[in-house]
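Peer 1: Build the 3D model from these lines:
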Amino acid sequence: MRNLLLLFSTLLLASSCSETIETNTPALQGEVDNVFFRAVTSNATINTDGSVTISGETALETIEVTAESLEVGTYLFGSDSNSEANFTTFDDAFYTTDNSGNGKIVISNIEEGKITATFNFNARRPGINDTLNFQEGIIYEVPITNAVPGDGGQNNDQFTALVDGANYTAVTTQTNVAGNTLFIIANNQQNFVINLSFPLDTATGDFEITEGGDYRASYAISGGSENAISGMITITTNDNAAGTASGSFQFETTSGIMVTNGNFTITY
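Peer 2: The predicted structure is shown next:
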């Protein structure tokens, strides 16, 4: 199921695995079919029904783990559960516990707007007899982006766009810095996600978005994520000292989804 490309990418992520979780806060990691996985970006979001979804991404894969309540306790995954885990692989294969899968998440601590838990699951591809196993999952002090239920997660950040002509307005945005790369993760009310990433030291100007370059974008819904294959990002301001950036963007995904009129003003 896994190939050399995936192994190479995960080995890069695992190169610092000898460090403790505490030195890599926040952290979302584990083993996918016995291959090390560590999210480059991670965040937690309180949903309108009171459940909490913890999400993580690498350059190639995404994971979402949902517990039906934001309380310390054990929550079981499965087809009859309101808790579930989803995983999208590097080749866009989507696995879910909401299709005769199983497993659990154990929330051990919620403090200062951060969540800590352990989890494991077996997930299946809908309609296909193919199983993915996630073991030794650790969620450590992942920030909750909208810490007060029902507040919409509003902050001073602004992130808007048109997706195939429909308005997209983020209710939560998360920024993370990994190495010299700034990642922006925007979620709207339907939990559709737009991701942007560019070098932290980018000056003002226009930059081409490509699938494997320094300037990247993607669009994700519950069924999986699609990378941008072309597009442009314009950096209007980027002040590393103040930790602020603004700009505009547009891109097209692998299946032809058009994201246009994008604008962002963020802190990081």
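Peer 1: make it CA atoms for all contacts and neighbour counts henceforth
Peer 2: Fine.
Peer 1: how many other residues sit next to T172?
Peer 2: When counting by other C-alpha atoms under 10 Å, one arrives at 23 neighbours for T172.
Peer 1: Let me fix that, I meant to ask about S230.
Peer 2: With other C-alpha under 10 Å as criterion, S230 counts 16.
Peer 1: swap in A178?
Peer 2: By other C-alpha under 10 Å, the residues close to A178 number 11.
Peer 1: Looking at strand pairing, list the partners for it.
Peer 2: T181 (DSSP bridges).
Peer 1: my guess is it contacts A39, does it?
Peer 2: No. Using C-alpha atoms under 8 Å, A178 makes no contact with A39, being 10.6 Å away.
Peer 1: Can you name every helix or strand that the host helix or strand of E136 contacts?
Peer 2: Assigned by DSSP states H and E, E136 belongs to strand 131-143. Judged by 3 or more C-alpha pairs under 8 Å, 6 or more residues apart in numbering; DSSP states H and E, strand 131-143 is in contact with strand 27-32, strand 41-46, strand 114-124.
Peer 1: Packing partners of the longest one?
Peer 2: What that stands for is strand 114-124. Against strand 114-124 (3+ C-alpha pairs under 8 Å, 6+ apart) you get strand 84-88, strand 94-96, strand 102-111, strand 131-143.
Peer 1: Tell me which of the helices and strands packed on strand 131-143 lies nearest to Y268.
Peer 2: The closest of those to Y268 is strand 41-46. By C-alpha to C-alpha, the value is 12.9 Å.
Peer 1: For whichever helix or strand comes after the closest one, the averaged confidence score.
Peer 2: Scanning forward in sequence from strand 41-46 by DSSP H and E, the next helix or strand is strand 52-57. Taken as a whole, strand 52-57 carries a mean pLDDT of 93.
Peer 1: As CSV, could you dump the C-alpha coordinates of strand 52-57?
Peer 2: Presented in CSV, the C-alpha positions along strand 52-57 are these (Å, rounded to 0.1, in the frame of the first residue of the first chain):
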residue,chain,number,x,y,z
VAL,A,52,-14.2,18.6,18.4
THR,A,53,-12.2,17.8,15.3
ILE,A,54,-8.4,17.6,15.4
SER,A,55,-6.8,18.0,12.0
GLY,A,56,-3.2,17.5,10.8
GLU,A,57,-1.4,17.7,7.5
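Peer 1: Report the strands that pair with that strand, each with its relative direction.
Peer 2: strand 41-46 (antiparallel), strand 62-67 (antiparallel).
Peer 1: Now tell me what touches that strand from outside.
Peer 2: Applying C-alpha atoms under 8 Å, 6 or more residues apart in numbering, the external contacts of strand 52-57 come out as 28, 39-47, 62-70, 142.
Peer 1: ok, of those, which come out buried?
Peer 2: Using 16 or more other C-alpha atoms under 10 Å as the burial test, the contacts of strand 52-57 include 28, 39-47, 62-70, 142 as buried.
Peer 1: So what would you say the end-to-end distance of stretch 100-120 is?
Peer 2: 15 Å (C-alpha to C-alpha, to the nearest Å).
Peer 1: Buried residues, that stretch. List them.
Peer 2: For stretch 100-120, the buried set under the neighbour-count rule, 16+ other C-alpha under 10 Å, comprises 101-107, 110, 114-120.
Peer 1: And stretch 239-249, by the same measure?
Peer 2: Across stretch 239-249, burial judged by 16+ other C-alpha under 10 Å covers A245, S246, G247, S248, F249.
Peer 1: For the fourth one, give the beta-bridge partners.
Peer 2: This points to S248. Bridge pairing for S248 - DSSP bridges - gives T234, N263.
Peer 1: That one and I233: what is the separation?
Peer 2: Going from S248 to I233 by C-alpha to C-alpha gives 6 Å.
Peer 1: okay if I get the buried residues of stretch 239-249 as CSV plus pLDDT and distance to F207?
Peer 2: As requested, those are exported to CSV (pLDDT from 0 to 100; distance: C-alpha to C-alpha, whole Å):
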residue, pLDDT, distance to F207
A245, 95, 15
S246, 96, 14
G247, 97, 11
S248, 98, 11
F249, 98, 9
